[in-house]
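Participant: compute the structure for the input listed below.
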Amino acid sequence: MPLKIIFLLLLLVLGSKIKAQNTNPCATMATQEEITACAIVQYNETETAMDSIYQHAVNQAGPNYKNHIRNMHETWKSYVSAACSCETFPFAGTTLETLMRYQCLNRLTRAYMQQLQQLPWEMPLEEAPK
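Facilitator: From the prediction side, this is the model:
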């Protein structure tokens, strides 16, 4: 009989751990780990949306304009990396470093998405306003 109880308790513990792994970290955000995990999830969602907008811009652009969009994108990647490194530097080595980095990445990526959406995607370079 005690073996059955131990087995049931083991199943209960394992079941709760599996359930905890599948929950959305943004649902409760009761601990710093959940807040950080939520920031990572939010950034990954933002990055996926930004990638989609970027691909649409490149696909819609004329050949010359396409190169400018690609150059802007590469420059943006360097900028966001440097900007977030600078912004998170005061938190280096602390438990807040990862949270601050992903919040920065999310915020700057959202701003970049707006910029991408405002591009005149179909305008050839020769017709662009000067």
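Participant: could you give the number of residues near L116?
Facilitator: As a burial measure, L116 scores 20 neighbours (other CB atoms under 10 Å). C-beta: built from backbone N, CA, C; applies to glycine.
Participant: for it, give its distance to W76.
Facilitator: 9 Å (CB to CB, to the nearest Å).
Participant: gap between the residue positioned nearest the centre of the chain and L99?
Facilitator: The centroid of the chain falls nearest to Y43 when counting by CA atoms, centre = their mean (2.0 Å). Y43 sits 11 Å away from L99, going by CB to CB.
Participant: any low-confidence regions in the chain?
Facilitator: Within the chain, the stretches with pLDDT under 70 are 1-22, 121-130.
Participant: give me the phi and psi for Y54.
Facilitator: Dihedral pair for Y54: phi -60, psi -50, per degrees, to the nearest 10.
Participant: wait, it touches H73, no?
Facilitator: Yes - judged on CB atoms under 8 Å, Y54 makes contact with H73 at a distance of 5.9 Å.
Participant: looking at the two, which is more packed in?
Facilitator: Y54 (19 against 16).
Participant: contact partners for that one?
Facilitator: Contacts for Y54 (CB atoms under 8 Å, 6 or more residues apart in numbering) come out as I69, H73, L116.
Participant: tell me which residues in the helix or strand where the first one lies are buried?
Facilitator: This means I69. Using DSSP states H and E, the element containing I69 is helix 63-88. For helix 63-88, the neighbour count (16 or more other CB atoms under 10 Å) marks Y65, K66, I69, M72, H73, W76, V80, C84, E87, T88 as buried.
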